[in-house]
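*Asks:* Just the structure for this:
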Amino acid sequence: MTAPSSSSMKPAADIGRWETDPSGRYELRWWDGTSWTEHVAQAGQPHVDPLGTAPTPDPSPVRPPSSTDVELRRPGSRALPWGAGLGAVGVILAIIGNGMQSEDGSGSLAGGLLMGIGGWLIIAAVITVIVGLVARSRSR
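*Replies:* Numbers count the residues shown, from 1 in each chain. The predicted structure is shown next:
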């Protein structure tokens with residue numbers, strides 16, 4: 001295994017970091033600033049995998065891995081912001097569409113279409129948030 005390439009190296013303030021596992025057995029492996037460690041992660045879940053070869057030194061300072069380093073990639077973590085964004089867009093479209101309707105109940109086709117699209121986006125947002133929360137609860 002070799003040290004991370006200079007293109008993936010971070011500033012000196014970032015002492016240790018998760019990198020693509022050079023052995024290819026896992027998604028990520030922890031580089032402690034000096035060597036590859038036995039700390040690995042697959043699908044956001046931490047594991048331990050002993051190293052079989054001598055690591056290549058790197059001049060970066062050392063910081064041990066923490067559970068939050070891997071938690072950033074856990075399942076469902078992207079669903080919640082997407083759900084919030086879809087919901088916000090849905091509400092805005094529904095408000096605009098409602099504003100295009102007249103007081104007597106008749107309205108433009110565009111206004112009705114915007115309200116319909118907004119409603120579907122709100123439903124999609126709720127589903128996305130639920131799926132994200134379920135994925136998060138299963139990954140714990």
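*Asks:* quick check: domain ranges of this structure?
*Replies:* As assigned by automatic domain parsing, the chain contains the domains 6-71, 79-139.
*Asks:* what comes up buried for stretch 39-48?
*Replies:* Buried residues in stretch 39-48, counted by 16 or more other C-beta atoms under 10 Å: 39-41, 44, 46. Where C-beta positions appear, they are placed from N, C-alpha and C, glycine not excepted.
*Asks:* then stretch 110-123 to PDB, C-alphas only?
*Replies:* Extracted in PDB, the C-alpha atoms of stretch 110-123 (Å, rounded to 0.1, in the frame of the first residue of the first chain):
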ATOM      1  CA  ALA A 110     -50.800  27.400 -15.300                       C
ATOM      2  CA  GLY A 111     -51.900  28.200 -11.700                       C
ATOM      3  CA  GLY A 112     -53.600  24.900 -11.300                       C
ATOM      4  CA  LEU A 113     -50.600  23.100 -12.800                       C
ATOM      5  CA  LEU A 114     -48.200  24.900 -10.400                       C
ATOM      6  CA  MET A 115     -50.400  23.900  -7.400                       C
ATOM      7  CA  GLY A 116     -50.500  20.300  -8.600                       C
ATOM      8  CA  ILE A 117     -46.700  20.100  -9.100                       C
ATOM      9  CA  GLY A 118     -46.200  21.800  -5.800                       C
ATOM     10  CA  GLY A 119     -48.400  19.300  -4.100                       C
ATOM     11  CA  TRP A 120     -46.600  16.400  -5.600                       C
ATOM     12  CA  LEU A 121     -43.200  17.800  -4.600                       C
ATOM     13  CA  ILE A 122     -44.500  18.200  -1.000                       C
ATOM     14  CA  ILE A 123     -45.500  14.500  -1.100                       C
END
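*Asks:* For burial, what's the neighbour tally of residue 138?
*Replies:* When neighbours are defined as other C-beta atoms under 10 Å, residue 138 has 10 of them.
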